[in-house]
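Enquirer: let's see this in three dimensions:
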Amino acid sequence: MKLSVYFITKNEEQRLENSLKAAAKVADEIIVVDSGSTDKTIEIAKKYKAKIFHHKWKSYCDQKSFAEKKCSSDWVLMLDADEVLSDELIAEIRQIKKNPQHHAYEVKICNMFPGDVKPRFFAQSFKAVRLYNRKFAHMPPDLWNKDRIRVQAEEKIVRLTGKIYHYCFLTLEQATAKYNCHSSELEKTAVAEKRHFSRLRLYTEFPRQFLRYYFFKRYFLLGVQGFVQAMVLANFRFLKIAKWFEWKSLHKK
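Expert: This next block holds a predicted model:
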């Protein structure tokens, strides 16, 4: 089978090359959809012979749906610019390319701290469908910022053993800027879905989320980095609620 790997980007010169270098080991085609980079992102993408398209930002889903449609292969792999395929996952995908047995594959995505070569023992992770056949699954354009692949109900989702390394945390400045932007996107999603948040939720969101990340998700085992990231993530969750209240105040009429 032929495999298209697609990315969405904006000012990702610090992380994109490592992601493309790994993706190139399995890709027959690389698609990069950019929403207005002003750094060396496009230059780096060209280095890996990516097909580059510009698309004005609307939402994560809309951007990724656009990128998916630009792929020429039925089989696609969705990656973010801050994600790198592990060697084990590269080997698995190469085997699947020889004779795919299913139409949708789920991957474990592990968060990485600066300087990490492999995920720490209790690193936060999540699972998501990333490798799939577009005839049986797709990225819908209408879910605002819930960028998850929609798989046909009758299809079996198979979990791969290899991992994707997610370098979401470069510096404190980068992380706070990223989560500030992302909280605004989630506020738009909440408005579009006509969700409602109570004042109690506003007052308790930060401490509740900090305790959730620091103790329940065991960030306390990750030292200073774990404490800092738990604080950043708690603030990110708080900002989503606070921005919803701000929107409500500004749109009373």
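Enquirer: how many residues are close by Arg120?
Expert: Applying other CB atoms under 10 Å, we find 16 residues neighbouring Arg120. In this view, the C-beta of every residue, glycine as well, is placed from N, C-alpha and C.
Enquirer: that one: what's it in contact with?
Expert: Counting by CB atoms under 8 Å, 6 or more residues apart in numbering, Arg120 touches 113, 222.
Enquirer: if we use 10 Å, what do you get?
Expert: 110-113, 221-223, 225-226 (CB atoms under 10 Å, 6 or more residues apart in numbering).
Enquirer: just the element for it, please.
Expert: Arg120 is located outside every helix and strand, with elements delineated by DSSP states H and E.
Enquirer: now it: phi and psi?
Expert: Backbone dihedrals for Arg120, given as degrees, to the nearest 10, come out at phi -70, psi 160.
Enquirer: what of Pro140?
Expert: Taking degrees, to the nearest 10 as the convention, Pro140 sits at phi -70, psi 150.
Enquirer: pLDDT of the longest helix belonging to the chain, averaged?
Expert: If you go by DSSP state H, the chain has its longest helix at helix 223-250. Across helix 223-250, pLDDT averages out at 94.
Enquirer: likewise stretch 96-116?
Expert: The model assigns stretch 96-116 a mean pLDDT of 92.
Enquirer: which parts of it are buried?
Expert: 96, 100, 103-113 (16 or more other CB atoms under 10 Å).
Enquirer: so of these, which ones are in helices?
Expert: Among the buried residues of stretch 96-116, the members found in helices (DSSP H) are Ile96.
Enquirer: that older thread, if you count neighbours, what's buried in the longest helix of the chain?
Expert: 226, 228-244.
Enquirer: let's see the lowest-mean-pLDDT helix or strand in the chain as PDB, backbone CA atoms only.
Expert: Scoring the helices and strands of the chain by mean pLDDT, DSSP states H and E places helix 172-192 at the bottom, with a mean of 92. What follows is helix 172-192 as a C-alpha-only set of coordinates in PDB (Å, rounded to 0.1, in the frame of the first residue of the first chain):
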ATOM      1  CA  LEU A 172       7.900  27.600  29.700                       C
ATOM      2  CA  GLU A 173       7.300  30.600  27.400                       C
ATOM      3  CA  GLN A 174       6.400  28.300  24.500                       C
ATOM      4  CA  ALA A 175       4.100  26.100  26.700                       C
ATOM      5  CA  THR A 176       2.200  29.000  28.200                       C
ATOM      6  CA  ALA A 177       1.700  30.700  24.800                       C
ATOM      7  CA  LYS A 178       0.500  27.400  23.300                       C
ATOM      8  CA  TYR A 179      -2.000  26.700  26.000                       C
ATOM      9  CA  ASN A 180      -3.200  30.300  26.000                       C
ATOM     10  CA  CYS A 181      -4.000  29.900  22.300                       C
ATOM     11  CA  HIS A 182      -5.500  26.500  22.800                       C
ATOM     12  CA  SER A 183      -7.700  27.600  25.600                       C
ATOM     13  CA  SER A 184      -9.200  30.200  23.200                       C
ATOM     14  CA  GLU A 185      -9.900  27.500  20.700                       C
ATOM     15  CA  LEU A 186     -11.700  25.300  23.300                       C
ATOM     16  CA  GLU A 187     -13.700  28.300  24.500                       C
ATOM     17  CA  LYS A 188     -15.000  28.700  20.900                       C
ATOM     18  CA  THR A 189     -15.800  25.000  20.900                       C
ATOM     19  CA  ALA A 190     -17.800  25.300  24.200                       C
ATOM     20  CA  VAL A 191     -19.700  28.300  22.800                       C
ATOM     21  CA  ALA A 192     -20.500  26.400  19.600                       C
END
